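**Student:** got a predicted model here, sequence first, then my questions.
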Amino acid sequence: MATRSAVLAIVNPLSGTTSAQQKKVLQEAFVRRAEALHYAPHVVQTTHPGHATEIAAEAVAQGVTRVLAIGGDGTINETAQALRRSSTALGIVPIGSGNGLARHLGIPLNPMQAIERALSGRPVVIDSGEINEHPFFCTAGLGFEAYVAHEFAKQSVRGLPTYVRTAFRAFWGYKPQRFRLDGQEKELFSLTFANAGQFGNNAWMAPTANIADGRLEQCEIRPFPAQAAGMLTWRLFNKTLNQSAYWRGHSITKASVQTNGPLLIHVDGEPVTLATNQVDVRVLPGSLLVLL
Ligand SMILES: Nc1ncnc2c1ncn2[C@@H]1O[C@H](COP(=O)(O)OP(=O)(O)OP(=O)(O)O)[C@@H](O)[C@H]1O
């Protein structure tokens, strides 16, 4: 009898708003379905930040061909980091607050259906990005969106309602920042580098982004009067932000940004504080296999 190929599921027990019981049910369903498809399934729960990368790196070294990340965009990022430039493909089972990468790729938001896709789907090549030493797969950015990511991380409750409340509060306290972008001085409300088109929750910062074109979309929002905020928000969710006079986009392969002080950024929605005021962004074309 042929040896069954291994398939690994990495689960963040703290992701999103699903309960521990729901995650347990999901893991059991994964094991049952994988066995029915003649795989040898393994499940590992993360115990600390960065753990998903360690587990996924081990799976790559062992030649596992499918690794599922069951979590939010942070867990998917940590898992995908280790799979870059390998022949191990990523299965995405989105149970986070935003699920930007899954939404962009058209992966079902129903976890059971996403498991099915990850077990039965075919590997498709996509790009990834790097902002300094931090890999990203969906979006990374500076300015308002980074500020919101940092504020959101301080909240005890996850989920969309908390995110909306946090962003609304942050808006009134936030001042646009000065950036030196590829040698040009600019005051911007936000600056996004988009591999996928959206942050999550169908908030489309880069409506035309193509995740497999070997490029990133650099999206700049210039300062705007408070009365324009409603229209910009509507456009963000209506996938028409690129029609706003406050939005500007360029397709790039690399960019360099300087600011006046230590820098708050977000990487796939996770807050990061850089110890430098220099940011270098680049695309890694065709660097990840995703199961679709
Ligand atoms: N056992 C753990 N304890 C503490 N933190 C963890 C653990 N496992 C993973 N993490 C960290 O939790 C972070 C957030 O996880 P994840 O993105 O999956 O959930 P989320 O934040 O609820 O979802 P979203 O990103 O969609 O808001 C990850 O970047 C990871 O570093």
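**Tutor:** On my side now, so go ahead.

**Student:** residue 6 - how many residues pack around it?
**Tutor:** By other Cβ atoms under 10 Å, 17 other residues sit near residue 6. In this view, the C-beta of every residue, glycine as well, is placed from N, C-alpha and C.

**Student:** what do you get for residue 46?
**Tutor:** 23.

**Student:** what separates it from the ligand, distance-wise?
**Tutor:** Distance of residue 46 to the ligand, computed by Cβ to the nearest ligand atom, to the nearest Å: 3 Å.

**Student:** same thing with residue 264?
**Tutor:** 16 Å.

**Student:** which residues touch that residue?
**Tutor:** By Cβ atoms under 8 Å, 6 or more residues apart in numbering, residue 264 lies in contact with 142, 146, 147, 149, 150, 271, 272, 273, 274.

**Student:** show the buried residues in the residues you listed.
**Tutor:** Buried members of the contacts of residue 264, counted by 16 or more other Cβ atoms under 10 Å: 142, 146, 147, 149, 150, 271, 272, 274.

**Student:** now the contacts of residue 264 in TSV, with distance to the ligand, pLDDT and secondary structure?
**Tutor:** Shown next, in TSV, are the contacts of residue 264 (distance: Cβ to the nearest ligand atom, whole Å; pLDDT from 0 to 100; DSSP: H, G, I helix; E, B strand; the rest coil):
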residue	distance to the ligand	pLDDT	secondary structure
142	18	97	strand
146	14	96	helix
147	16	96	helix
149	9	95	helix
150	13	95	helix
271	10	96	strand
272	10	97	strand
273	15	96	strand
274	17	95	strand
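
**Student:** could you dump those residues to JSON lines with distance to residue 187?
**Tutor:** Shown next, in JSON lines, are these (distance: Cβ to Cβ, whole Å):
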{"residue": "142", "distance to residue 187": "12"}
{"residue": "146", "distance to residue 187": "16"}
{"residue": "147", "distance to residue 187": "15"}
{"residue": "149", "distance to residue 187": "21"}
{"residue": "150", "distance to residue 187": "20"}
{"residue": "271", "distance to residue 187": "22"}
{"residue": "272", "distance to residue 187": "22"}
{"residue": "273", "distance to residue 187": "21"}
{"residue": "274", "distance to residue 187": "20"}
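
**Student:** among the residues you listed, which one lies nearest to residue 226?
**Tutor:** residue 147 (16.2 Å; Cβ to Cβ).

**Student:** for the closest one, what are its contacts?
**Tutor:** Contact analysis of residue 147 by Cβ under 8 Å, 6+ apart lists 170, 174, 264.

**Student:** the same query, at a cut-off of 6 Å, please.
**Tutor:** Contact partners of residue 147, counting by Cβ atoms under 6 Å, 6 or more residues apart in numbering, are 170, 174.
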